[in-house]
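Asks: coordinates only, sequence not included:
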Ligand SMILES: Cc1ncc(COP(=O)(O)O)c(C=O)c1O
C-alpha cells in the first residue's frame, strides 16, 4: 500500500530544455524545476515532507524535532508545513556542522538572513549551537526531543534533510514526472534521499543517476545504500541497491559543507546569465558545477535536477 501523503507542492514541477547551455556544451541539457514547487519558496524538501508530515499526523504528534545547518532549507520547509497543520517545530542547528572537525575556520557569513528570516516568520523554535560535528548535532536534537517528551509532548523525530525511507520514497515517486527519456540525471547530494530515491527509481534502466556531493564526505555512500533499502522496505519491490549501483561524485564538493566553492560560483553566474535561472551556493551551485565538469564525458539527453535552496543565496556574501 502507498504511504499516506498530504499535498504541499504543485506537481509536476516544470521540466524544460536549456537551449543556450545545450548549444554551449554540445549536449541536450534539460532542467527539472523543483526550485518552483510553489511551496515555502521551493526546493526538494517539499516532496519529502508530503509523506513525513502525513506520518507525523497519523502518529498524532504535536511536536516535530529535527536538526540541520543554520541555513537549512529543510528546516524552513518543515517549519512552514508544521505551521500549516498545527504541529510545533523544534530544530537544533549549527552554522557549519562538521567544519570545525575538518579544520575549516568558522565563519559567520551564513548566520543571518536567508532561511532564518523565513524560519522566524513561521515560528520555528530554533536552537543554535556552536560548530561541531554532525554526531554532536544529532545528540542536541535528541536531547531537545527528550525534553519535549518529558513535558508530555508527542514527538515525531525527522533526521537531517528528511533523509529516511519516506523522504527517499518521495523521490522514487518524483521520477514518474520525468519518464525514461534521459541518458543521465544529475542531482546535488547531501543527506542522500534525493539521490537514493532517484537511483532506486531508475535502477535497471538506461538512465544513469549521478549524485554530485555537496559535502566532501565519502561516508555518505553508506547512507545512500541504507536509504535505498528503507525505500525498498516501503515498496516491497525487492530491489536491494548496493554501493556499486550508485554514481556518486565528490570532485565538486569544495572545501566543506556550507562553504561556497569557486566552481559553484562560476556555475551560478553561467546559469543565471545564459538561462535566467539562479542557483544556491551550498547545493545546486555545486551540483551544476558537476554537470559542467562532467559534460565532456556525457552524451545524449542530460537532466539537471534543480533542488531549490534559493533563500540561502541571500545569506552569503
Ligand atoms: C537546496 C537543496 N538541494 C539539495 C539538497 C540535498 O538533498 P538531499 O539532502 O536529499 O541529499 C538539499 C538538502 O540537503 C537542499 O536543501
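Replies: That came through fine. Computed from a predicted model, the values in this text were never measured in an experiment.

Asks: I'd like to know how many residues surround the nearest residue to residue 261 once chain neighbours are set aside.
Replies: Excluding the flanking residues, the one nearest residue 261 by Cβ to Cβ, 6 or more residues apart in numbering is residue 254, at 3.0 Å. C-beta here means a position set from N, CA and C on the backbone, and glycine is covered the same way. For residue 254, the neighbour count with other Cβ atoms under 10 Å is 23.

Asks: OK, contacts around residue 254?
Replies: Residue 254 sits next to 216, 260, 261, 262, 263, 264, 286 when contact means Cβ atoms under 8 Å, 6 or more residues apart in numbering.

Asks: out of the residues you listed, who's the most crowded?
Replies: residue 286 (29 neighbours).

Asks: on the secondary structure side, give me the element for that residue.
Replies: Per DSSP states H and E: residue 286 is located in helix 284-294.

Asks: farthest-apart pair in the contacts of residue 254, please.
Replies: 216 and 262 (14.6 Å; Cβ to Cβ).

Asks: how about the residues of this structure near the ligand?
Replies: The chain has residues 43-44, 73-74, 161, 163, 188-195, 280, 283-284, 307-309 near the ligand, with proximity defined as Cβ under 6 Å from any ligand atom.

Asks: avg pLDDT for the helix holding residue 286?
Replies: Across helix 284-294, pLDDT averages out at 98.

Asks: equivalent analysis for stretch 243-250, please.
Replies: Taken as a whole, stretch 243-250 carries a mean pLDDT of 98.

Asks: so where do the strands sit in the stretch 1-150 of the chain?
Replies: 15-17, 28-33, 63-69, 88-94, 125-129 (DSSP state E, counting those that start in this stretch).

Asks: hey, which of those is tucked in deepest?
Replies: strand 63-69 (a mean of 26; mean count of other Cβ atoms under 10 Å).

Asks: next, the angle from that strand to strand 88-94.
Replies: Angle, strand 63-69 to strand 88-94, by axes from the mean of the first three to the mean of the last three Cα atoms, to 10 degrees: 20 degrees.

Asks: can you name every helix or strand that strand 63-69 contacts?
Replies: Packing contacts for strand 63-69, counted by 3 or more Cβ pairs under 8 Å, 6 or more residues apart in numbering; DSSP states H and E, involve helix 73-85, strand 88-94, helix 134-150, strand 155-157.

Asks: if we can go back for a sec, so where does the residue nearest to residue 261 fall, helix or strand?
Replies: Assigned by DSSP H and E, residue 254 falls outside every helix and strand.

Asks: redo the helices and strands packed on strand 63-69 as CSV? Include distance to residue 51.
Replies: Formatted as CSV, those follow (distance: least, Cβ to Cβ, whole Å):
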stretch, distance to residue 51
helix 73-85, 11
strand 88-94, 17
helix 134-150, 20
strand 155-157, 12
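
Asks: tell me who's in contact with residue 185.
Replies: Contacts of residue 185 (Cβ under 8 Å, 6+ apart): 178, 198, 202, 207, 208, 209, 210, 302, 303, 305.

Asks: rewinding a little: which among the helices and strands packed on strand 63-69 is found nearest to residue 27?
Replies: Between the helices and strands packed on strand 63-69, helix 73-85 lies closest to residue 27; by Cβ to Cβ that is 28.0 Å.

Asks: check which residues of that closest one are buried.
Replies: 73, 74, 75, 76, 77, 78, 79, 80, 81, 82, 83 (16 or more other Cβ atoms under 10 Å).

Asks: quick one: the helices and strands packed on strand 63-69 as CSV, columns for mean pLDDT too.
Replies: Formatted as CSV, the helices and strands packed on strand 63-69 follow (pLDDT from 0 to 100):
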stretch, mean pLDDT
helix 73-85, 98
strand 88-94, 97
helix 134-150, 97
strand 155-157, 98
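
Asks: just the buried members of the contacts of residue 185?
Replies: 178, 198, 202, 207, 209, 210, 302, 303, 305.

Asks: from these, which ones fall inside helices?
Replies: Among the buried ones among the contacts of residue 185, DSSP state H puts 198, 202 in helices.

Asks: of the buried ones among the contacts of residue 185, which belong to strands?
Replies: Those of those mapping onto strands are 209, 210, 302, 303, 305, per DSSP state E.

Asks: a markdown table for those residues, including pLDDT?
Replies: Below are these laid out as a markdown table (pLDDT from 0 to 100):
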| residue | pLDDT |
| --- | --- |
| 209 | 98 |
| 210 | 98 |
| 302 | 98 |
| 303 | 98 |
| 305 | 98 |
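
Asks: pick the one among those residues closest to the ligand.
Replies: residue 305 (8.6 Å; Cβ to the nearest ligand atom).

Asks: run through the residues that contact residue 113.
Replies: The contact partners of residue 113, by Cβ under 8 Å, 6+ apart, come to 314, 315.

Asks: follow-up on the earlier one: for the buried residues of helix 73-85, which one is nearest the ligand?
Replies: residue 73 (3.3 Å).
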